[in-house]
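Undergrad: Predicted structure and sequence below. I'll ask about it afterward.
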Amino acid sequence: MQPNHQSINADYGQYVCAQHAESAPLLGNRPQRQTPAGASFGFSVFNLMNAIMGSGILGLSYAMANTGIIGFSVLLLIVACLASYSIHLLLRMCIQTAVTSYEDIGLFAFGSPGKVVVAIAILIQNIGDCNKKMVHPLSASDEPHHGISNFSDECKPKLFGFSKESAFALPTMAFSFLCHTSVLPIYCELKSPSKSRMQNVANLGIVISFLIYFISALFGYLTFYDKVESELLQGYSRYLPNDALITSVRLLILLAVLLTVPLIHFPARKAFMMLLFPSYPFSYILHVLVTVALNITIVLLAIYVPDIRNVFGVVGSTTSTCLLFIFPGLFYIKLSMDDLLSCQKLGACALLILGICIGACSLTLITMNWAYNA
């Protein structure tokens, strides 16, 4: 039996000593395809931020309105730190198993069922992500304008707050920081890849995203206070329906949707094909049919579920929580050869338990909120 301070590459019989794991190359001695030099540190940060930043930014002002400025700041910081730690676990597992996709880590941990569960989560997550990007271009507010007096109590910001709508806060934040399906591909493309270098990429990307999220949420909240919409730009469109700047922003969002939805659609189609046609040879007809079917599903969901808060709530409390908290902790506990009482394994256990609690509590509160409003 090999000592516990080493981790096993099951495919190639390779061992990576724990003390060298931080600087170990991604795939160790595994034969690799000759590629260009790779992406620079700056471009890798940019790519990761592109994976992090999305329509979640439009729902954070609503989360701040229902948790207060300080409450929101603390929760957002906790989710950002947990996202960074779960990436740390994914990178350690990537070095140990020498695989480069989230689904394959699930395969190493629990065989085919693990791979299928991860693929289902990625499929639902990406359909939800595409749906929330489609909600804004397809929706328009026809409700009358309601002014807010600058001298009323409505314009006093809350430092702390809790209401039945606060249940949507953590799922929205989890949705907003989810980039874990893109971490390993970005790791593979990084110039001189090592765990410590990729962890620095992830930490910097998360810190910059945190600052952007906080600033945008703060100014959105201080613009509308308790009248902030669950989708921020809907509020601007309602109060300034004919404003040229708001119209320009909507057009830019439409352009962003046209350019980014195909990128999000790719892993969804890949997961769908993996689930239903795992050994089927490539076919353009099947490729087109699956693409059309997924797009029809996304458009129908955008039409019939126009409230972006519901998308953030349900997807954020289920698949986002699994991919961000539960799966990294669970897979690390299964794959790691560390001692059960080691700091890393205890941290993975804590991440797993916290993820289950956040997902279960948020989904329960959201369901109760729907029942109350029905």
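TA: Perfect, I can see it now. Numbering: from 1, shown residues only.
Undergrad: packing partners for the top helix by length along the chain?
TA: If you go by DSSP state H, the chain has its longest helix at helix 102-138. Contact analysis of helix 102-138 by 3 or more Cβ pairs under 8 Å, 6 or more residues apart in numbering; DSSP states H and E lists helix 69-97, helix 180-189, helix 244-276, helix 284-304, helix 308-315, helix 327-335 as its packing neighbours. All C-beta atoms are positioned from the backbone trio N, CA, C, and that covers glycine.
Undergrad: now the first one, how far from the chain's geometric center?
TA: Distance of helix 69-97 from its chain centroid, counting by Cα atoms, centre = their mean, to the nearest Å, is 11 Å.
Undergrad: thinking again about what came up before, most neighbours per residue, which of the helices and strands packed on helix 102-138?
TA: Most buried of these, by mean neighbour count (mean count of other Cβ atoms under 10 Å): helix 308-315, with a mean of 25.
Undergrad: I'd like to know which elements that helix is packed against.
TA: helix 102-138, helix 169-177, helix 343-373.
Undergrad: any idea which of those is most buried?
TA: With neighbours defined as mean count of other Cβ under 10 Å, the helices and strands packed on helix 308-315 peak in mean count at helix 169-177, which reaches a mean of 29.
Undergrad: name the helices or strands packed onto that one?
TA: Helices and strands touching helix 169-177, as assessed by 3+ Cβ pairs under 8 Å, 6+ apart, comprise helix 60-67, helix 69-97, helix 195-224, helix 308-315, helix 343-373.
Undergrad: What ranges in the protein fall below the confidence cut-off?
TA: Low-confidence segments of the chain (pLDDT under 70): 1-37, 131-154, 260, 263, 306-308, 374.
Undergrad: and the gap between Ser61 and Glu229?
TA: From Ser61 across to Glu229, the span is 8 Å (Cβ to Cβ, to the nearest Å).
Undergrad: do Tyr239 as well
TA: The separation that Tyr239 has from Glu229, given Cβ to Cβ, amounts to 10 Å.
Undergrad: List the single closest residue to Ala268 in space, sequence neighbours excluded.
TA: In this structure, Ala268 finds its nearest non-sequential neighbour in Asn126, 3.7 Å apart by Cβ to Cβ, 6 or more residues apart in numbering.
Undergrad: Wait, that neighbour touches Pro267, no?
TA: Yes: using Cβ atoms under 8 Å, Asn126 makes contact with Pro267 at a distance of 5.5 Å.
Undergrad: doesn't Phe210 make contact with Met49?
TA: No: proximity of Met49 to Phe210 does not meet the contact threshold set by Cβ under 8 Å, at 10.8 Å.
Undergrad: which residues sit in contact with Ala167?
TA: By Cβ atoms under 8 Å, 6 or more residues apart in numbering, the contact set of Ala167 is Gly313, Cys361, Ser362, Leu365, Ile366, Met368, Asn369.
Undergrad: Please tell me how far the closest residue in space to the fifth one that isn't next to it in sequence sits from Ile326.
TA: Of all residues not flanking Ile366 in the chain, Gly313 sits nearest, at 4.6 Å (Cβ to Cβ, 6+ apart). Counting by Cβ to Cβ, the separation of Gly313 from Ile326 is 17 Å.
Undergrad: what does Ala350 give?
TA: In this view, Ala350 and Ile326 are 12 Å apart by Cβ to Cβ.
Undergrad: and if you look at Ile366?
TA: 18 Å.
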